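> okay, here's the prediction I keep looking at, along with the sequence it came from:
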There are 2 protein chains.
Amino acid sequence: MNKYWTDLVKRLTPYVPGEQRSGTDVVKLNTNENPYAPSPRVKEAINGVSGDSLRRYPDPQALALCSSLASYHGVTTDQVFVGNGSDEILALAFMAFFTGSKPLQFPSISYSFYPVYCDLLNIEQQTTPVDENFCLDLNGFNSSGGGIIFPNPNAPTSLAVSREQITALLKRVPDTLVLVDEAYADFGAESSIELIEEYPNLVVSRTFSKGRSLAGLRLGAAFANADLIEALRRVKDSFNSYPVDTLAQAAGIASIDDEKYYRHTIDKVVQTRDWTTAQLQDRGYRVLPSSANFLFVSPDGIKASSLFNALREQNILLRYWAKEPLSNWLRITIGTSAEMERLIAAIDNITRKKDH
Amino acid sequence: MNKYWTDLVKRLTPYVPGEQRSGTDVVKLNTNENPYAPSPRVKEAINGVSGDSLRRYPDPQALALCSSLASYHGVTTDQVFVGNGSDEILALAFMAFFTGSKPLQFPSISYSFYPVYCDLLNIEQQTTPVDENFCLDLNGFNSSGGGIIFPNPNAPTSLAVSREQITALLKRVPDTLVLVDEAYADFGAESSIELIEEYPNLVVSRTFSKGRSLAGLRLGAAFANADLIEALRRVKDSFNSYPVDTLAQAAGIASIDDEKYYRHTIDKVVQTRDWTTAQLQDRGYRVLPSSANFLFVSPDGIKASSLFNALREQNILLRYWAKEPLSNWLRITIGTSAEMERLIAAIDNITRKKDH
């Protein structure tokens, strides 16, 4: 600690992302990246940007990208906001919507960045328990608080709630802002974007990092009615006017344009997810029904922490949280077929050794 | 306004950047962009990044880029922090260092984003007047406040203070954090980076947008002792873990590597600045002695607002603030020789017309 640190800095417990170990022999199933490269059109778009364009500031509102997202999702351009990854979208949304005096409600098991934002921005927190099967009951949220946020599908559980359940919540708490974090929605959850027209209390956030394979490019988006989008713009323009660079804007548009490629890679991930689920279930593992590009898994015959460490020694990285009630669960990103076959073989090898 | 807007959003007055009009006939001298494209090595580095790299998250700490900056500036890697443009660096620094109960001190004429950050983060402001020649007297700052920030060279005045003056300030206020914003230092001011070793209360921010011609790529850096850098990291990791994308990291390193190109373009800008200064002075204009890539100019024989509007009609964009004491001044970015010749010709044309 340092005498120039403010009390805020002293009390922060920052978010810790999954390990970014590199190397050709590493099977990296710990940060929910897409195993497939982005559409080849993305690289073409990036390579097509001239040096002379780079010397200029980007369009601060990224209107061409917002317009492309608007067409794709069937909304208007003023209902779209983009940022430097969906983490920035969330941070700006916390500043814009959740700075009131009442606590923010989110699930007890959820994206672990939410409590970090609350600490940073001095927002009270109130968690709503998930049930013994890790299911989120939206009836646990009420209108007494200063806003509601939940991921759909949830992380790290991979479980989705239906659009019908979300609609019921939006109707029940009309004076409360609800942010649905759809980082993983590309892989199977029902999106709530179409509800923004009817529900003025809804904000939906998305990312290009997962379904669009662009984690390295930092691109996220939010959808809401124009008034809420304007609130996000005001906060952005009070924090960092140009968060999305020229290359990311061009790449984002190119990735939206290649729908065929997107469908193809999503399908491959979903097929591999189903294959991996069946393999793990065959071995007696409990696997929650995933709507995401990862599985939430409780092993059989070996402790989650032991399996995590044994796989790590073999350069297969998963994500593990030592805290209850997650301590006997592992989060496994869906990789390529070959990577998942290697995972299953490694598990069998570790478990066999353990039997002897 | 909207019922879901918080009081914070309602009271914000966001920063307004210069107009981003595009078109081949536009002479854009209003946002202090570099008239020369970045080093060709930058585009090579960008084109060399594979799609497969883009599907992965970037290194959250950007260690290779920090290491490259550290070597270049003669400091250690743990004394360097990078962000999504120097505006993000400043926003995170405001959160990390200036959230105390005492007012932040900055010059009365200065980068207009500083009061915007204060509004967003609920930080009290205390401005220190510049003198009648717009010079900043560092003796105006004292240790009673919750921090000091100033640009060197200052914006929009283009005037620099010496390293000796800054050293005297750092000694005089050892318990107060001082942030020197060196966005324009590439064009002639004495950098304070070498002072971070000796002064634990100093943070220096820089940008790749101006000297390195990379405004479109959003890349900024901060230099300070390792403890202060750690404070910035904690805030970053509580806001947005991966702000600098893979392409920006690669491009940043490539731009640092091409010192020859950098020196060449800086020299051209400085030569054009001196030529433009002489031309304007020949016409009786008052031009402050610039250490930046822009001039601060008070016209002769025509009001600044009239000249601004007349040039704007001819697609020559300058920056103008209607407020006192700036209302008879214009900020003129240094463009190419041809652009500045066109500016001078347009001024002569407008002034001649006015004489008749």
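Perfect, I can see it now. Numbering: from 1, shown residues only, chains lettered A, B, ... in the order given.
> can you give me the strands for the stretch 201-350 of chain A?
Defined through DSSP state E, counting those that start in this stretch, the strands belonging to the stretch 201-350 of chain A, from first to last, are A:202-207, A:220-223, A:286-287, A:294-298, A:316-317, A:330-333.
> ranges for the helices of the stretch 101-250 of chain A?
Read by DSSP state H, counting those that start in this stretch, the stretch 101-250 of chain A holds these helices, from start to end of the chain: A:113-121, A:163-172, A:226-236, A:246-257.
> strands of the stretch 1-150 of chain A, start to end?
A:27-28, A:80-83, A:104-107, A:125-128, A:148-151.
> who are the packing partners of the second one?
Where contact means 3 or more CB pairs under 8 Å, 6 or more residues apart in numbering or on different chains; DSSP states H and E, strand A:80-83 is packed against helix A:63-73, helix A:85-97, strand A:220-223, helix A:226-236. Where C-beta positions appear, they are placed from N, C-alpha and C, glycine not excepted.
> relative to that strand, what are the paired strands and their orientations?
For strand A:80-83, the paired strands and their directions (DSSP bridges) are strand A:220-223 (antiparallel).
> count the neighbours of A:Gln126 for me.
Other residues near A:Gln126 come to 17 when the count uses other CB atoms under 10 Å in any protein chain shown.
> go on, A:Ala322?
9.
> ok, it to chain B distance?
When distances are taken as CB to the nearest CB, to the nearest Å, A:Ala322 and chain B turn out to be 19 Å apart.
> tell me the contacts of the closest residue to A:Arg283 other than its chain neighbours?
Residue nearest to A:Arg283 in three dimensions, not counting chain neighbours: A:Asp300, with 6.3 Å by CB to CB, 6 or more residues apart in numbering or on different chains. Remark: with contacts taken as CB atoms under 8 Å, 6 or more residues apart in numbering or on different chains, A:Asp300 is in contact with A:283-286.
> and A:Asp300, how far is that from chain B?
Shown here: A:Asp300 relative to chain B, a distance of 31 Å by CB to the nearest CB.
> what's the answer for A:Lys236, then?
Here the criterion is CB to the nearest CB. By it, A:Lys236 lies 8 Å from chain B.
> same check, this time on A:Phe97
For A:Phe97, the distance to chain B under the criterion CB to the nearest CB works out to 6 Å.
> my guess is that residue contacts B:Thr6. True?
Yes: under the criterion of CB atoms under 8 Å, A:Phe97 lies in contact with B:Thr6, with a separation of 6.4 Å.
> who's more crowded, the two?
More crowded of A:Phe97 and B:Thr6, by other CB under 10 Å: A:Phe97, with 27 against 20.
> what pLDDT does that one get?
Each residue has a pLDDT score; the one for A:Phe97 is 95.
> residues in contact with it?
Contacts of A:Phe97 were listed using CB under 8 Å, 6+ apart, and they are A:147, A:177, A:179, A:203, A:228, A:231, B:4, B:6, B:9.
> and the single nearest residue of the stretch 101-250 of chain A relative to chain B, what does it touch?
Of all residues in the stretch 101-250 of chain A, A:Asp237 sits closest to chain B, at 3.3 Å by CB to the nearest CB. A:Asp237 makes contact with A:60, B:14-16, B:116, according to CB under 8 Å, 6+ apart.
> cutoff 7 Å now
When contacts are counted by CB atoms under 7 Å, 6 or more residues apart in numbering or on different chains, A:Asp237 touches B:14-15.
> likewise for the one 3 residues further on?
By CB under 7 Å, 6+ apart, the contact set of A:Asn240 is B:84-85, B:87-88, B:91.
> can we see that at 10 Å?
Listed by CB atoms under 10 Å, 6 or more residues apart in numbering or on different chains, the contact set of A:Asn240 reads A:60, A:83-84, A:88, A:92, B:15, B:83-92, B:113, B:117, B:218, B:220, B:240, B:243.
> with A:Pro14 instead?
Here A:Pro14 is in contact with A:113, A:116, A:119-120, B:233-239, B:241 (criterion: CB under 10 Å, 6+ apart).
> spatially nearest residue to it (excluding sequence neighbours)?
With CB to CB, 6+ apart as the criterion, A:Pro14 has its nearest non-adjacent residue at 3.3 Å, and that residue is B:Asp237.
> report the separation between the one you found and A:Ala91.
Applying CB to CB, to the nearest Å, one obtains 11 Å for the distance of B:Asp237 from A:Ala91.
> what touches both of those two?
A:113, A:116, A:120.
> the last one and A:Leu90 touch, don't they?
The reference is to A:Leu120. No: using CB atoms under 10 Å, A:Leu120 makes no contact with A:Leu90, being 11.4 Å away.
> now the residue nearest the centre of chain A, nearest residue through space, not along the chain?
The central residue of chain A, meaning the one whose C-alpha is nearest the mean C-alpha position (CA atoms, centre = their mean), is A:Ala183 at 3.3 Å. Distance criterion CB to CB, 6+ apart; nearest residue to A:Ala183, sequence neighbours excluded, is A:Thr207 at 4.9 Å.
> what do you get for A:Thr76?
The spatially closest residue to A:Thr76, leaving aside those adjacent along the chain, is A:Ala70, at 5.7 Å (CB to CB, 6+ apart).
> same for the lowest-mean-pLDDT helix or strand in chain A, what does it pack against?
Of all regular secondary-structure elements in chain A, judged by mean pLDDT, DSSP states H and E, the least confident is helix A:7-11 with a mean of 86. Other helices and strands packing on helix A:7-11, by 3 or more CB pairs under 10 Å, 6 or more residues apart in numbering or on different chains; DSSP states H and E, are helix A:113-121, helix B:85-97, helix B:226-236.
> quick one: buried residues of it?
Of the residues in helix A:7-11, those with enough neighbours to count as buried (16 or more other CB atoms under 10 Å in any protein chain shown) are A:8-9.
> contacts for it?
With CB under 10 Å, 6+ apart as the contact definition, helix A:7-11 has outside contacts at A:1-2, A:5, A:119-122, B:95-101, B:121, B:228, B:230-235, B:238.
> out of the residues you listed, which are buried?
Using 16+ other CB under 10 Å, the buried ones in these are A:5, A:119-121, B:95-100, B:121, B:228, B:230-235, B:238.
> how's chain A carved up into domains?
Listed by automatic domain parsing, the domain ranges of chain A are A:7-37+A:260-355, A:40-258.
> near chain B, which of the shared contacts of B:Asp237 and A:Ala91 show up?
On the criterion CB under 10 Å from any CB of the partner chain, A:113, A:116, A:120 are the entries of those that sit beside chain B.
> what's the burial count for the residue nearest to A:Pro58 when sequence neighbours are not counted?
In space, not counting the residues next to it along the chain, A:Pro58 is nearest to A:Thr246; the distance is 4.4 Å by CB to CB, 6+ apart. By the other CB under 10 Å criterion, the neighbourhood of A:Thr246 contains 25 residues.
> if I pick A:Thr246, what's in contact with it?
A:Thr246 makes contact with A:46, A:49-50, A:53-59, A:62, B:214-218, B:247, according to CB under 10 Å, 6+ apart.
> coming back round to it: need the winner for burial among the strands of the stretch 1-150 of chain A.
Mean neighbours per residue, mean count of other CB atoms under 10 Å in any protein chain shown, is largest over the strands of the stretch 1-150 of chain A for strand A:80-83, with a mean of 27.
> may I have it as CSV, with CA atoms only?
Output of strand A:80-83 as CSV, limited to C-alpha atoms (Å, rounded to 0.1, in the frame of the first residue of the first chain):
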residue,chain,number,x,y,z
VAL,A,80,-27.9,0.6,-29.8
PHE,A,81,-24.8,1.5,-27.9
VAL,A,82,-21.3,-0.1,-28.4
GLY,A,83,-18.3,-0.2,-26.1
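> which single residue of the stretch 251-356 of chain A ends up nearest chain B?
Among the residues of the stretch 251-356 of chain A, A:Ala251 lies closest to chain B, at 7.8 Å counting by CB to the nearest CB.
> do the same with the stretch 51-200 of chain A
Of the stretch 51-200 of chain A, the residue with the smallest distance to chain B, taken as CB to the nearest CB, is A:Gly51 at 3.7 Å.
> thought that residue was touching B:Gly216?
Yes: distance between A:Gly51 and B:Gly216: 9.4 Å, which falls inside the contact criterion (CB under 10 Å).
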